[in-house]
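Enquirer: With the input below, show me the fold.
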Amino acid sequence: MQLYNYFRSSASYRVRIALAIKGLGYDYVPVHLVKGEHQQPAYTRLAADALVPTLVTDDGVALAQSMAIIEYLEETHPTPALLPAEPLARARVRALAQMVACEIHPINNLRVLKYLVRELKVDEDAKNAWYHHWARSGLEAFERQLALLAQERAGQGLPPSVLCWGDTPTLADCCLVPQIFNAQRFKVNLDGLPLTLAAHDACLALPAFQQAQPSACPDHET
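Expert: Modelled structure (predicted):
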């Protein structure tokens, strides 16, 4: 397989985590977003949306969109599982993942920030205020959801979660860790999010998350 990605891309980071958890090898193909390499014809012929990541399977099929890619990996390589076996728990994990991937990330990604600056003439302080507001409010909602799920687990006689759900990595963790990475990079206030940060820190202690982090990527820049 080949993974076309950018080391700072949250969506790419999610897929790298999933691949690492499942122990799947791949060729790392960097696509530099800041330099506009994702808009070059050589890449858009592969990725119609001109976004990263793109996963090219062993059969040469190009797959777009990180969540679809991870679901594909889950279906073709079901162990270790990124989704719980029980339907309600699967829905809980998917909801947590989508709180990041559908609510926080889309309005804070690079192309949105560039549009704010280039087209709407927003200055650096206002751009950062935009990022901080949406990242912080989204993570506060994530924290409230983790608290509700902790109550639910306790009511069912389940042990407290170590990660987002339970004690093994799930799709939710694949999404949370990259979001916290970017929030830290933009200096978002993360105070008062104990459950969220505990899950994040527990993830980072695992080898798969260490292997996938941006600083471990061949195209990493400081």
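Enquirer: rest of the way, CA atoms for contacts and neighbours
Expert: OK.
Enquirer: Quick check: the gap between the closest residue to residue 194 other than its chain neighbours and residue 163.
Expert: In space, and not counting its chain neighbours, residue 194 is closest to residue 143: 7.7 Å by C-alpha to C-alpha, 6 or more residues apart in numbering. Distance, residue 143 to residue 163, by C-alpha to C-alpha, to the nearest Å: 12 Å.
Enquirer: again, but for residue 189
Expert: 21 Å.
Enquirer: do residue 218 as well
Expert: Using C-alpha to C-alpha, residue 218 is found at 28 Å from residue 163.
Enquirer: Those two: which has the busier surroundings?
Expert: The neighbour count for residue 218 versus residue 163, taken as other C-alpha atoms under 10 Å, is higher for residue 163 (22 against 12).
Enquirer: Let me see the contact set for the spatially closest residue to residue 8 that is not a sequence neighbour.
Expert: Excluding its sequence neighbours, the residue lying closest to residue 8 (C-alpha to C-alpha, 6+ apart) is residue 214, at 6.1 Å. If you count contacts by C-alpha atoms under 8 Å, 6 or more residues apart in numbering, residue 214 has them with 7, 8, 13, 220.
Enquirer: Quick check: the last one touching residue 9?
Expert: Right, residue 220. No - the pair residue 220 / residue 9 is not scored as a contact, 11.2 Å apart, by C-alpha atoms under 8 Å.
Enquirer: more crowded one of those two?
Expert: Neighbours were counted for residue 220 and for residue 9 using other C-alpha under 10 Å; residue 9 has more, 20 against 13.
Enquirer: which residue packs closest to residue 62, ignoring adjacent ones?
Expert: residue 56 (4.3 Å).
Enquirer: where's the one you found relative to residue 77, distance?
Expert: 15 Å.
Enquirer: Tell me which stretches of this structure form strands.
Expert: 2-5, 27-30, 54-56, 62-64 (DSSP state E).
Enquirer: For stretch 91-100, buried residues please.
Expert: 92, 93, 94, 95, 96, 97, 98, 99, 100 (16 or more other C-alpha atoms under 10 Å).
Enquirer: now do stretch 34-50
Expert: 37, 38, 39, 43, 46, 47, 50.
Enquirer: Closest one of those to residue 72?
Expert: residue 47 (16.9 Å; C-alpha to C-alpha).
Enquirer: What distance do you get for that closest one to residue 181?
Expert: Applying C-alpha to C-alpha, the value for residue 47 to residue 181 is 25 Å.
Enquirer: next one: residue 24
Expert: Computed with C-alpha to C-alpha, the distance linking residue 24 and residue 181 is 23 Å.
Enquirer: The nearest residue to residue 221 once chain neighbours are set aside - how many residues pack around it?
Expert: Excluding the flanking residues, the one nearest residue 221 by C-alpha to C-alpha, 6+ apart is residue 215, at 7.8 Å. By the criterion of other C-alpha under 10 Å, residue 215 has 14 neighbours.
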